[in-house]
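Chemist: Turn this into a model:
(one chain, ligands or ions: 2)
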Amino acid sequence: MSDITLEPPTNVADADYDASLAAIRRAVREFEGCRPAELDVLAGDLDQLARMSDKLAAGRVEIAVFGEISTGKSAVINALLGEQKAAVNVRGGWTKDVWHASWSSAGYVLPGFGASELVLVDTPGLNEVDGAARGEMAHAAADQADLVLFVTDSDLNEIEYRALTELAASHKPLILVLNKSDLYRPQELEDLLAQFRGPRLAKLVSPENVVTTAADPREVEYVIESANGSTRSEWRKPAPKVEELRLRILEMLQADGKSLLALNAAMFAADKTDRMHALRVQLREAEANRVIWSFAVTKSLAVAINPVAVADVLGGMAVDATMIVTLGRIYGIPISRKNAHTLAISIAKSAGLVSVFEAVVSWASSALKALTGGLSTAISQVPQGAAAGYGSYIVGQAARFYFQHGASWGDEGAKHVVSQILANTDKKSVIEQLKDEIRGKISRNVHAESK
Ligand SMILES: Nc1nc2c(ncn2[C@@H]2O[C@H](COP(=O)(O)OP(=O)(O)OP(=O)(O)O)[C@@H](O)[C@H]2O)c(=O)[nH]1
Ligand SMILES: [Mg+2]
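Modeler: Ligands and ions are numbered 1, 2, ... in the order given. The predicted structure follows:
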């Protein structure tokens, strides 16, 4: 036998917890630093992330009660609380909002937290008529929760089975609650439990996490016999039966409450930040494309209307440098004008665009001599304008790639990136669109001038 004694894994939960809190706080800080236009779109997600961060810091454990309408979710909450806090009604779709009830009577405190809070979260029923939005709310509440009580009152139907599968796939700790047990005969209840603890569901919920309750049992008729032998009957409501559920919840929390909380926050934050990153990428793409197009049009017009502006290659690149500075701002990567200029020229060189620019410049010098003034003459300069605009468009696309990749050309270098962009760009169509833009703008201006 080895005489090495293994250290008990004491602080695993604490380490998980600290790492999770640090990660979620980092994510909140990262997204708080977004530009206002991005924050507008990400505000909802950021709120949820900040809420999760607060929840974790405070040690607030949330238990969401989830399931189809009228299965007795609100009644389960009342029975656990020991008071009638939630509205219970025979009419389905009674609970319209997600709401939270503090479950202090459970007496559970998260290790290391003097004042942690246990919260029961009531949610609207899943298959409520016209309740798609409420179903979403219920799903969102379950996503945030550390533990989900999945309440049903019969064998699972298709919707319930799918919802349970989704929760299990997201590794959410689950307790499957078969409520209204008072309505079943003992044999029926046994059969149902065997079904729930059987192989089909064991993949989703472990058998020890299947419990039965009677949260709001139906009144039963008691026959009372008086001393003189006469009898009368009285309808009484039996006390709710939720003890098995209460114990199971507390056992799970006792075993690894802190880890559950940490794991849940970490997974929630990972999903949220993935989603937020993807959204931010989309926003940036859309904005960058708008910027590139508007600079390409500006360049086209500048060349078509006023060749003086581009009388040398460097002058022509000034518009592109401004575009690159603007793109850098979109991607949160500041770049000086001087560096933007250098970048524009190096992209233009990689793309073989310098010759395009030089051609435009040499044309511009001769156009200058022939220029008689007036916007109407610009009509004949449309092709040169569009060619110059196309150059800016390519410079813009390459710069976008560069910023998208954190100011890097990646392993294959600038030349490769630029040639990919050229290969994937429909030059003819870009030039045609630019021509349309120039003609449109010029004819509007000519029209205005002649007034
Ligand atoms: N017999 C019996 N009836 C119950 C039990 N639990 C709840 N009920 C009844 O089932 C009906 C629905 O209960 P609720 O608690 O409102 O159900 P819910 O799941 O919250 O419903 P929604 O909020 O509409 O989705 C009510 O009439 C309750 O009295 C139970 O354990 N046994
Ligand atoms: Mg309810």
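Chemist: make it CA atoms for all contacts and neighbour counts henceforth
Modeler: Noted.
Chemist: how about the strands in the stretch 1-150 of the chain?
Modeler: Taking DSSP state E, counting those that start in this stretch, the strands of the stretch 1-150 of the chain run over residues 60-67, 99-102, 117-122, 147-152.
Chemist: would a markdown table of those with mean pLDDT and distance to ligand 1 be doable?
Modeler: As requested, the strands of the stretch 1-150 of the chain are arranged in a markdown table below (pLDDT from 0 to 100; distance: least, CA to the nearest ligand atom, whole Å):
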| stretch | mean pLDDT | distance to ligand 1 |
| --- | --- | --- |
| strand 60-67 | 95 | 7 |
| strand 99-102 | 91 | 11 |
| strand 117-122 | 93 | 8 |
| strand 147-152 | 97 | 8 |
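Chemist: got these as a markdown table, with mean neighbour count columns?
Modeler: Shown next, in a markdown table, are the strands of the stretch 1-150 of the chain (neighbours: other CA atoms under 10 Å):
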| stretch | mean neighbour count |
| --- | --- |
| strand 60-67 | 27 |
| strand 99-102 | 16 |
| strand 117-122 | 23 |
| strand 147-152 | 25 |
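Chemist: need these in TSV with distance to Asn424, can you?
Modeler: Output for the strands of the stretch 1-150 of the chain, formatted as TSV (distance: least, CA to CA, whole Å):
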stretch	distance to Asn424
strand 60-67	49
strand 99-102	52
strand 117-122	51
strand 147-152	49
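Chemist: Alpha carbons only: can I get stretch 217-234 in PDB?
Modeler: Extracted in PDB, the C-alpha atoms of stretch 217-234 (Å, rounded to 0.1, in the frame of the first residue of the first chain):
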ATOM      1  CA  PRO A 217     -54.300  18.500  -3.100                       C
ATOM      2  CA  ARG A 218     -58.000  18.300  -3.900                       C
ATOM      3  CA  GLU A 219     -60.300  18.500  -1.000                       C
ATOM      4  CA  VAL A 220     -61.400  15.100   0.300                       C
ATOM      5  CA  GLU A 221     -64.600  14.100   2.000                       C
ATOM      6  CA  TYR A 222     -64.200  13.100   5.700                       C
ATOM      7  CA  VAL A 223     -67.000  11.200   7.300                       C
ATOM      8  CA  ILE A 224     -67.300  12.300  11.000                       C
ATOM      9  CA  GLU A 225     -69.100  10.000  13.400                       C
ATOM     10  CA  SER A 226     -70.500  11.600  16.500                       C
ATOM     11  CA  ALA A 227     -71.000   9.900  19.900                       C
ATOM     12  CA  ASN A 228     -74.600   9.200  19.200                       C
ATOM     13  CA  GLY A 229     -73.600   7.200  16.100                       C
ATOM     14  CA  SER A 230     -74.900   9.800  13.600                       C
ATOM     15  CA  THR A 231     -72.500  10.700  10.800                       C
ATOM     16  CA  ARG A 232     -71.900  13.900   8.800                       C
ATOM     17  CA  SER A 233     -69.400  14.500   6.100                       C
ATOM     18  CA  GLU A 234     -67.000  17.400   5.700                       C
END
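Chemist: Measure how far it is from the centre of its chain, please.
Modeler: Going by CA atoms, centre = their mean, to the nearest Å, the spacing between the C-alpha centre of stretch 217-234 and its chain's C-alpha centre is 58 Å.
Chemist: Low-confidence ranges, the stretch 251-400 of the chain, go.
Modeler: Of all residues in the stretch 251-400 of the chain, those with pLDDT under 70 make up the ranges 306-316, 354-380.
Chemist: Over to the stretch 1-150 of the chain?
Modeler: Looking at the stretch 1-150 of the chain by pLDDT under 70, you get 1-12, 128-131.
Chemist: Looking at the stretch 201-350 of the chain, what residue ends up closest to ligand 1?
Modeler: When distances are taken as CA to the nearest ligand atom, the stretch 201-350 of the chain reaches nearest to ligand 1 at Ala214, 3.3 Å away.
Chemist: show me what contacts Ile394?
Modeler: Taking CA atoms under 8 Å, 6 or more residues apart in numbering as the contact definition, Ile394 lies against Ala351, Val418, Ile421, Leu422.
Chemist: mind running it again at 10 Å?
Modeler: Going by CA atoms under 10 Å, 6 or more residues apart in numbering, Ile394 touches 292, 296, 344, 347-348, 351, 353, 400, 418, 421-422, 425, 427.
Chemist: still on that earlier bit, distance of the residue of the stretch 201-350 of the chain closest to ligand 1 relative to Lys241?
Modeler: Counting by CA to CA, to the nearest Å, the gap from Ala214 to Lys241 is 5 Å.
Chemist: same deal with Gln397?
Modeler: Using CA to CA, which is the criterion applied here, Gln397 is 66 Å from Lys241.
Chemist: before we move on, the earlier item: from memory the residue of the stretch 201-350 of the chain closest to ligand 1 sits against Leu183, does it?
Modeler: Yes: using CA atoms under 10 Å as the test, Ala214 is close enough to Leu183 to be in contact (8.6 Å).
Chemist: Now do the shared contacts for these two.
Modeler: Shared contacts of Ala214 and Leu183, defined by CA under 10 Å, 6+ apart, comprise Asp153.
Chemist: higher neighbour count, the two?
Modeler: Ala214 (24 against 13; other CA atoms under 10 Å).
Chemist: what sits against the more buried one?
Modeler: By CA under 10 Å, 6+ apart, the neighbours of Ala214 are 72, 75-76, 79, 153, 177-183, 238-243.
Chemist: contacts with ligand 1 among those residues, please.
Modeler: The overlap between these and the neighbourhood of ligand 1 (criterion: CA under 6 Å from any ligand atom) consists of Gly72, Ala75, Asn179, Lys180, Asp182, Leu183.
Chemist: Of all the helix elements in the protein, which one is longest?
Modeler: For the chain, the helix with the greatest residue count under DSSP state H is helix 243-305.
Chemist: any idea of the angle that helix forms with strand 60-67?
Modeler: Counting by axes from the mean of the first three to the mean of the last three CA atoms, to 10 degrees, helix 243-305 lies at 100 degrees to strand 60-67.
Chemist: Hey, what's the angle from helix 243-305 to strand 147-152? Just curious.
Modeler: Between helix 243-305 and strand 147-152, the angle formed by their directions is 110 degrees, by the same axes, to 10 degrees.
Chemist: What about Ala266, how many residues nearby?
Modeler: Residues within reach of Ala266, counting by other CA under 10 Å, total 23.
Chemist: Over to the one 10 residues further on?
Modeler: Using other CA under 10 Å, Met276 has 20 neighbouring residues.
Chemist: which residue packs closest to it, ignoring adjacent ones?
Modeler: Leu42 (6.7 Å; CA to CA, 6 or more residues apart in numbering).
Chemist: Can you report how many residues neighbour the one you found?
Modeler: Residue neighbour count, defined by other CA under 10 Å, stands at 19 for Leu42.
Chemist: Am I right that it is in contact with Gly33?
Modeler: No: under the contact definition of CA under 10 Å, Leu42 does not touch Gly33, with a separation of 11.4 Å.
Chemist: before we move on, back to that, go ahead and build a PyMOL selection from the buried members of the contacts of Ile394.
Modeler: Selecting just the buried residues from those in PyMOL takes one command, with 16 or more other CA atoms under 10 Å as the test:
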select buried, resi 292+296+344+347+348+351+353+400+418+421+427
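Chemist: Thanks again, I'm all set now.
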